[in-house]
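**Student:** compute the structure for the input listed below.
(2 chains, ligands or ions: 1)
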Amino acid sequence: MTAALRFDPIRLPEKCEQLRKEVRAFLAEEIAAGTFDPHKPNREDTDVPEFSRKVGAKGWLGMTWPKKYGGQERSFLERYVVTEEMRVANAPTRRFFVADRQSGPVLLKYAPEHIKMDILPRICRGEICFAIGMSEPNSGSDLFAAKTRATKTDGGYLINGTKIWTSSAHIADYMIAIFRTSPPTKENRRHGLTQFLVKMKQPGIKVNPIGQITGQYEFNEVVFTDFFVPDDHVLGEVDGAWKQATSELAYERSGPERFLETYYVLTELVRAVGKNPDTRSAEGIGRLVAQVHTMRRMSVSVAGMLQAGKEPVVEASIVKDIGTVWEQQLPHRVRDLAAFVEETATNRETLERQLDFAIKTAPKLTIQGGTTEVLRGIIARGLGLR
Amino acid sequence: MAESDNIIVETAEKIFADLADPQTINHDKKDAWKAPLWQALSDAGLPLSWVPEDCGGSGADLADGFALLNAAGRFAVAVPLAETMLAGWLLAQAKISSPGGEMTVLPASPRDKITLNADGSLSGRARGVPFGKAAKHFAVLANGNGGVSIALVDAGQARIEAGLNVGYDNSDIVTLDKAQPITIKPAPKGFDQTRLMLMGGVARSLQIAGALESMLDISVRYSNERVAFEKKISKFQAVQHNLARLAGESAAALAAATSAADAIANTAAFNDEVFLEATAAKIRCAEAAEKGGAIAHQVHGAIGFTNEHILHRYSLRALAWRDDFGSESHWAVELGKLVANRGADELWPLVASR
Ligand SMILES: Cc1cc2nc3c(=O)[nH]c(=O)nc-3n(C[C@H](O)[C@H](O)[C@H](O)COP(=O)(O)OP(=O)(O)OC[C@H]3O[C@@H](n4cnc5c(N)ncnc54)[C@H](O)[C@@H]3O)c2cc1C
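**Tutor:** Below you'll find the predicted structure:
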C-alpha cells in the first residue's frame, strides 16, 4: 500500500488562531501606516529593513528555535500561520524569509556554538539577510556538478568561482554556499562538496545584478576571487554537504509560499466579479478555491509532519510540484474569467495590473527551489522506481 | 485515519481481501461473489456502522465510517455499502430504525426533489440513484409544507427504471407516485437536502481517493514488471514523471477527502467552513479521478483497456462516482457563489479558517 503518502488532516490548534489575529492586526497597522501596499504583489526588489525589525520584535522570526538563540520555542504550526498571513498580505518579507526558513535551521544543526550565539539572535531580531549559494552557471538541477573551489589554506579556505541566480545576494549579509573541496569519487559523484558560511560585503566577492522578465531585480551573479573563509565557518561534514543540502531543501519546498505566490489575483477576481456572479464565473471561482483549499490542507499537513520530527522529503516535493504548477496556472485561469468582468468593476485596473505582473512572474515558479522535473524524480524515487 | 489502528477498517479490509479481491471478481461473470460479500459485511455490522445501537445499527463514530469508505474505495467495492451507510445515517437523523438489507438514499442529486403530499404520501423522481435496483428500502428526504421530513420506504412502493453508470454499477431512475412510507418523521432543525448531498459527496470523495491509491499502487507495480526496449518501463524518466503526477493527484484527493471527513466528523454545525471542506473535496477528487485515471491507463498501455485487467474496476468507478450527490461542476458553482457572496476580503479568512 501507498501508506507513505498519507496527508493527515492536521488542524491548527487554538493558539494558532490567536496568533493569526495578532499577525493580521499587525499587518493592518503596517498597511495603514503605509509601510507596504497589500494590493501590490510582493515586489522582489522591495527591501524594507524597518519592517523586518518590527517582525523580529514581535518574536515572529526563528519562532521554532531555542530561546537561548533568540527563538521562541514555538511550533511549526505557529510559524506556518505567520508565514501564510505575511504571504497573503503581500508583505515585504524578502529580507528575512530565507534566513528564517532555511539558513537559520542549517546553522542550528551544523554551525559551531559561538557562531550560533552570534548570528541566530540577529536573525531573530530581523537584522540580517541571507542568500543561498547553490546554483552555478553549469550546475542548477545537477547540483553535484558545482565547480566553485574551496582550497585549503592557513586557517581556512580560499574560494574561487561563480555562483548564479543567487536571490538577494545584493542585500545579503551572509550566504550559505556549497563549494567543491575535493573531486567527486568514482563510487559517489555527490562526494566532495562542503557547506560554508560566507560573510558577504568583503573584499574578494563581487555581486553582479541580473535583471528579470518581470522588470524586477532579485537575483545575481556572485563572483569569488581568492575569497577567504575561516575554518570555523565550515558547516557540517567536509566533502559531505550533499546530505545536508537535500534535507535543507525539504524546508524550502513545502511551505505556504509554494502555492500562494500568485494568490492575490484570485482575491482581486472575486472582488471584480461582485456578489452575484454568473454561472461561469461562479464555477471558475469555485474550482480555483477548491484547489487552493486542498493545497493548503496538504501544506498544513506537512507542517504537522515537521512538527512531529519527521523528514517529509517526498511529501514536501509533492506539495511543491502540484503547488507551483497550480500557482503558475492561476493567473491564466483568472485571466480567462476576467474577460467577462464588467467594465465598471471598481478594481478593474488593480486586477489588470496584478494579472500583468502575475503572468510575468509565472514562468519562474516551477523553476525556483528545484524544477518540476527534478521534484518528480524525487517523488519517483519515493515510489521505489529508481 | 491510519487504517492500522482502526478495528472497523481492519475488519473490512480482511473481508474485502477474502471476498472482494478485484482479480477474482473481475473473472466472475455471474456475480456469484456478491451474496457472500454482502453477508459477511452485514454479519460484521458494517453497512449500519453509522446507525446508533438503539436504531438497530452498530454505532460506530463518523470518522471510523469515513475510514471504512476509503478502504472500500481501495477495493472498488461494488455492493451498496456506502449507500446503505448513508441511508442508515439519514434515517438515524430522525431516529428512525434501520431494517436489515441493502438500502440507498433518495434523492441522489441536488436537482431532484421528493415531495411530501398533504395526504402523507411521497411523490417525485430521483435520477442517478446508486444501487436503486438492489435496494430493499429507500431512505428518503422529502420536502413538504411543514418542512423537511425523513422517511423509510419499501422498495416495492417505487417504480424503477434500471440504468448503468460509467463504472457499470446500477444507477437508476426511481419514481415515487403517492408512495406510502413505512415510517416518516420530521428532520431535525436545520437539516436539509444540501446536508445530505454534501455527506454523500464526502463519502464519494473518500471512495475516489481510495480508488486512486489503488491505481497508483497497481501502476507502480506494473511499471516494475513490464519490460520494453530491454528495460523495465519504470526506468524511463517519462514514465516515472507520469507516476509522480499520479502520486500527486492521489495525495491531493486523499488529503482533500480526509480533511472534509474530519471536518464533518468534528462539527455540530454545517457552517461555511464545512461547506468549503465538503465541496472542495468533491471538486478536487473528481478532478483527480480524471487526471489520475488517465495516467494509470497510460502507464498500463493497451492491457489496461481490456475487460480482463482490473484497472477499469478502479478507473471507471472513480469517474462514475464524480456524478453522484452533485457533480464537481454543480458544487463549484455553489462554492463560487458562496465565496462571491461573502466578498473578496472574506476569502482568505474562509480558506484559513481551519
Ligand atoms: C527566481 C529564482 C530564484 C532563484 N534563487 C536561487 C538562489 O537563491 N540560490 C540558488 O542557488 N539558486 C537559485 N535559483 C536557481 C534554481 O534553483 C535553478 O534555476 C534550478 O535549480 C534549475 O537550474 P538551472 O536554471 O541551471 O536549469 P537546468 O538545470 O539547466 O534545467 C533546465 C531544464 O532541464 C531540466 N532538467 C535538468 N536536469 C534534468 C534531469 N535530470 N531530468 C529531467 N529534466 C532535467 C530542468 O528541469 C529544466 O526544465 C533561483 C531560480 C529562480 C528562477
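
**Student:** buried sites along the helix or strand harbouring B:Leu196?
**Tutor:** Following DSSP states H and E, the helix or strand that holds B:Leu196 is helix B:193-225. Neighbour counts over helix B:193-225 (16 or more other CB atoms under 10 Å in any protein chain shown) mark B:193, B:195-220, B:222-223 as buried. Glycine gets a C-beta too; all of them are placed from N, C-alpha and C.

**Student:** repeat that for stretch A:364-372.
**Tutor:** Applying 16+ other CB under 10 Å to stretch A:364-372 flags A:Lys364, A:Leu365, A:Thr366, A:Ile367, A:Gln368, A:Gly369, A:Gly370, A:Thr372 as buried.

**Student:** do me a favour and get the end-to-end distance for stretch A:61-77?
**Tutor:** End-to-end distance of stretch A:61-77 (CA to CA, to the nearest Å): 14 Å.

**Student:** list the contacts of that stretch.
**Tutor:** Stretch A:61-77 is touched from outside by A:10, A:12-13, A:16, A:52, A:55, A:59, A:78-79, A:82, A:96, A:99-100, A:104, A:108, A:116-117, A:120-126, A:300, A:303-304, A:306-307, with contacts defined as CB atoms under 8 Å, 6 or more residues apart in numbering or on different chains.

**Student:** how about the contacts made by A:Ile359?
**Tutor:** A:Ile359 neighbours (CB under 8 Å, 6+ apart): A:Pro331, A:His332, A:Arg335.

**Student:** tell me the helix or strand right after the helix holding B:Leu196.
**Tutor:** Assigned by DSSP H and E, the successor of helix B:193-225 is strand B:227-228.

**Student:** next one: that following strand to chain centre, how far?
**Tutor:** Distance of strand B:227-228 from its chain centroid, counting by CA atoms, centre = their mean, to the nearest Å, is 37 Å.

**Student:** ok, now stretch A:318-337?
**Tutor:** 17 Å.

**Student:** how about stretch B:190-208?
**Tutor:** With CA atoms, centre = their mean, you get 8 Å for stretch B:190-208.

**Student:** most centrally placed residue in chain A?
**Tutor:** By CA atoms, centre = their mean, chain A has its centre lying nearest to A:Glu252, at 5.3 Å.

**Student:** flag every residue of the stretch 101-250 of chain B that's near the ligand.
**Tutor:** Proximity of the stretch 101-250 of chain B to the ligand (CB under 6 Å from any ligand atom) is limited to residues B:Gln237.

**Student:** do a quick rundown of the helices in the stretch 101-250 of chain B.
**Tutor:** B:193-225, B:237-265 (DSSP state H, counting those that start in this stretch).

**Student:** which residues touch A:Val229?
**Tutor:** Applying CB under 8 Å, 6+ apart, the residues near A:Val229 are A:Ala150, A:Gly156, A:Tyr157, A:Leu158, A:Ile159, A:Phe196, A:Leu197, A:Val198.

**Student:** oh, that last question was meant for B:Ser97, not what I typed.
**Tutor:** With CB under 8 Å, 6+ apart, B:Ser97 has these contacts: B:Val51, B:Cys55, B:Gly56, B:Leu91.

**Student:** wait, the first one sits on B:Ala92?
**Tutor:** Yes: distance between B:Val51 and B:Ala92: 5.1 Å, which falls inside the contact criterion (CB atoms under 8 Å).

**Student:** looking at the two, which is more packed in?
**Tutor:** B:Val51 (26 against 22; other CB atoms under 10 Å in any protein chain shown).

**Student:** distance check, that one against B:Leu198.
**Tutor:** 19 Å (CB to CB, to the nearest Å).

**Student:** show me what the helix or strand hosting A:Ile115 is packed up against.
**Tutor:** Per DSSP H and E: A:Ile115 is located in helix A:113-124. Helix A:113-124 sits against helix A:104-110, with contacts defined as 3 or more CB pairs under 8 Å, 6 or more residues apart in numbering or on different chains; DSSP states H and E.

**Student:** right, is the helix it packs on up against the ligand?
**Tutor:** No: shown here: helix A:104-110 not in contact with the ligand (CB under 6 Å from any ligand atom), separated by at least 13.3 Å.

**Student:** now that helix - C-alpha only, PDB.
**Tutor:** Taking Å, rounded to 0.1, in the frame of the first residue of the first chain, the C-alpha atoms of helix A:104-110 are listed here in PDB:
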ATOM      1  CA  GLY A 104      18.800  29.500  10.400                       C
ATOM      2  CA  PRO A 105      17.900  25.800  10.700                       C
ATOM      3  CA  VAL A 106      21.100  24.900   8.800                       C
ATOM      4  CA  LEU A 107      23.200  26.900  11.300                       C
ATOM      5  CA  LEU A 108      21.300  25.400  14.200                       C
ATOM      6  CA  LYS A 109      22.200  22.000  13.000                       C
ATOM      7  CA  TYR A 110      25.800  22.500  11.800                       C
END
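
**Student:** how far away from the center of its chain is it?
**Tutor:** 16 Å.

**Student:** what sits up against that helix?
**Tutor:** A:62, A:65-66, A:69, A:115-116, A:119-120, A:123, A:176, A:195, A:197, A:235-236, A:244, A:248, A:251.

**Student:** re earlier: restricted to strands, list the contacts of A:Val229.
**Tutor:** A:Ala150, A:Gly156, A:Tyr157, A:Leu158, A:Ile159, A:Phe196, A:Leu197, A:Val198 (DSSP state E).

**Student:** now, which of these sits nearest the ligand?
**Tutor:** A:Val198 (12.6 Å; CB to the nearest ligand atom).

**Student:** the strands in the chain, which residues?
**Tutor:** Since you didn't name a chain, this refers to chain A. A:130-133, A:149-153, A:156-167, A:174-180, A:193-199, A:205-211, A:217-230, A:234-235.

**Student:** actually chain B
**Tutor:** Under DSSP E, chain B gives strands at B:103-106, B:114-116, B:122-130, B:137-144, B:147-154, B:158-161, B:171-179, B:183-186, B:227-228, B:231-232.

**Student:** any weak-confidence spans in the stretch 251-386 of chain A?
**Tutor:** Scanning the stretch 251-386 of chain A for pLDDT under 70 picks out no residues.
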